[in-house]
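Colleague: Sequence and predicted model, in that order:
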Amino acid sequence: MNVRFDPSGPLKGRLTPPADKSISHRAAIVGAMATEPVTITGYLAAEDTLSTLKAVQTIGALVQREGDRVTVRGTGLRAAEAHGETIDVGNAGTLMRLLPGWLAGQEGRSFTFDGDSSIRKRPVDRIAVPLRQMGAVIEATDDRLPPFTVHGQRLRGIRYELPVASAQVKSCVLLAGMIADGETTVVEPVASRDHTERLLSRLGVPLWRDGDAITVGHVDELTVEDIHVPADISSAAFPIAAGVLVKGSRLLLRDVGVNWTRAGFLDVLDRMGAIVVGERERRRDGEVPGHEPTADLDVAHGPLKGTVVEGDEVPLLIDELPLVALLGCFAEGETIVRGAEELKHKESDRIATVVDGLRGLGAEIEATDDGFVVQGTGGIRGGTIEAHGDHRLAMLGAVAGLASREGVEVIGMEAAEVSYPAFGDDIARLQRR
Ligand SMILES: O=C(O)C1=C[C@@H](OP(=O)(O)O)[C@@H](O)[C@H](O)C1
Ligand SMILES: C=C(OP(=O)(O)O)C(=O)O
């Protein structure tokens, strides 16, 4: 589906962005691990998180959905079984990397995972390495890609130093650690989103942090309280960027998750001089809070200046980096992102697709090995951008169009269904106010 986004008049009004995708995946998986039924309110109804509901059904959980209220009746920690059915993760990397952690500990049962053409290019060796050390047997295509099969075994706890900062790998090992013998420790090179730690900690799972090391203990049974999912800051980032870039805009985004391990985009916006007002959670080392803080964010159009995003900050806004590139086009001076090689392993190679895509719209942007460099020129011309089946690229093109001089045609806008099905409607509503 090709959709044209013309230069927009001011965006105005209030909006509750869609529910958090990362937290929705985790809530459904944890619900499936529990023995008693779990109610999740505000569950994200988008392609990726519907794949997770289907996946947990494939392994024996019952799922009931009424709007954004989902009830999961799980199998308990040690009774998941797929009966030879393949688990289809669709386009969802998070699902593909988290669920095998739990299933690796289902002794004597095997689970095959597959997904769409994008997922078949995304590495699973990053989870196979630690899970094998814990005792699981994993067969993957070319030893590193889907489709892959996890043969569940009795697992033993390990200490694992993550070679790259990845919340998906960290979460996978922590989920496996809950059913492994002994304690399991994951050491992260730099902080990444900690939704799994917060959720497990709230549910009474023995879990603690010591500097960069997170340790989880063995659990016999999981009791899960009802879970509420806040709005997704990664989805909110698109209307926020539109509000910052389109002249005369003023938006209020409500109930947005501002967990500091996710809210790096707001810090980068601050450095660029953008006007976004709202209470954020501040970094607190050594603590694993049991909740997800939220805030209302008041956004207004204003001038921007260039900034530098370094590797330590990258995991705190990994999915928002494409938008940093777009903001850089409008900023005074240079905007640089470094230490973001991980962008190459997303739904598309986001260094290549962002740089080629924005350059096609008139941006002065160069790719580097681990990021990009953008020269601010005060705006962008417009043109056509290909989404490459990547939801974040589709919405990047849309926001670029709203702020451009000539408008942007997005090829493959349907990709937005993965995380933000109401994106087009929400933007249209903000344009009518
Ligand atoms: O844990 C998660 O929910 C996610 C972690 C990140 O991936 P990595 O762990 O691969 O960096 C992020 O890009 C993805 O959208 C969601
Ligand atoms: C990278 C993303 O998700 P996933 O890894 O779950 O496919 C994303 O949502 O931008």
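Modeller: In hand now; what should we look at? For clarity, every value in this text was computed on a predicted model and none was experimentally measured. Numbering: from 1, shown residues only. Ligands and ions are numbered 1, 2, ... in the order given.
Colleague: Could you use CA atoms for every contact and neighbour count after this?
Modeller: OK.
Colleague: Verify the stated contact: Ile240 with Asp296.
Modeller: No: counting by CA atoms under 8 Å, Ile240 does not reach Asp296; the two are 11.8 Å apart.
Colleague: more crowded one of the two?
Modeller: Ile240 (29 against 20; other CA atoms under 10 Å).
Colleague: Gly76 looks like it's in a strand, true?
Modeller: No: counting by DSSP: H, G, I helix; E, B strand; the rest coil, one finds Gly76 to be coil, located in no strand.
Colleague: Give me the number of neighbouring residues for it.
Modeller: Residues lying near Gly76 (other CA under 10 Å) number 20.
Colleague: Contact partners for it?
Modeller: Ala32, Met33, Ala34, Thr35, Glu36, Glu221, Leu222 (CA atoms under 8 Å, 6 or more residues apart in numbering).
Colleague: Give me the phi and psi for the closest residue to the fifth one other than its chain neighbours.
Modeller: Just to be clear, that refers to Glu36. Excluding the flanking residues, the one nearest Glu36 by CA to CA, 6 or more residues apart in numbering is Arg73, at 6.3 Å. Main-chain dihedrals, Arg73, degrees, to the nearest 10: phi -110, psi 110.
Colleague: Would you agree Arg73 is in contact with Ile29?
Modeller: No: taking CA under 8 Å as the definition, Arg73 is not a contact partner of Ile29, at 10.8 Å.
Colleague: What residues does the stretch 151-300 of the chain have near ligand 1?
Modeller: For the stretch 151-300 of the chain, the contact set with ligand 1 under CA under 6 Å from any ligand atom comprises Ser166, Ala167, Gln168.
Colleague: So which of these sit within helices?
Modeller: Among those, the members found in helices (DSSP state H) are Ala167, Gln168.
Colleague: Name the nearest of the residues of the stretch 151-300 of the chain next to ligand 1 relative to ligand 2.
Modeller: Gln168 (7.8 Å; CA to the nearest ligand atom).
Colleague: What sits closest to the residue of the chain positioned farthest from its centre if chain neighbours are left out?
Modeller: Centroid-distance maximum for the chain: Gly108 at 31.7 Å, with CA atoms, centre = their mean. Nearest residue to Gly108, sequence neighbours excluded (CA to CA, 6+ apart): Gly152, at 5.7 Å.
Colleague: residues near the one you found, how many?
Modeller: With other CA under 10 Å as criterion, Gly152 counts 23.
Colleague: same question, the one 4 residues further on
Modeller: Number of residues near Arg156 (other CA under 10 Å) recorded here: 20.
Colleague: Would you mind confirming that it makes contact with Ala176?
Modeller: No: Arg156 is not in contact with Ala176 according to CA under 8 Å; the separation is 9.0 Å.
Colleague: Could you list the domains of this structure?
Modeller: Domain assignment for the chain, taken from automatic domain parsing, gives 2-19+230-432, 21-228.
Colleague: how about those domains in JSON lines, adding mean pLDDT?
Modeller: Below are the domains of the chain laid out as JSON lines (pLDDT from 0 to 100):
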{"stretch": "domain 2-19+230-432", "mean pLDDT": "97"}
{"stretch": "domain 21-228", "mean pLDDT": "97"}
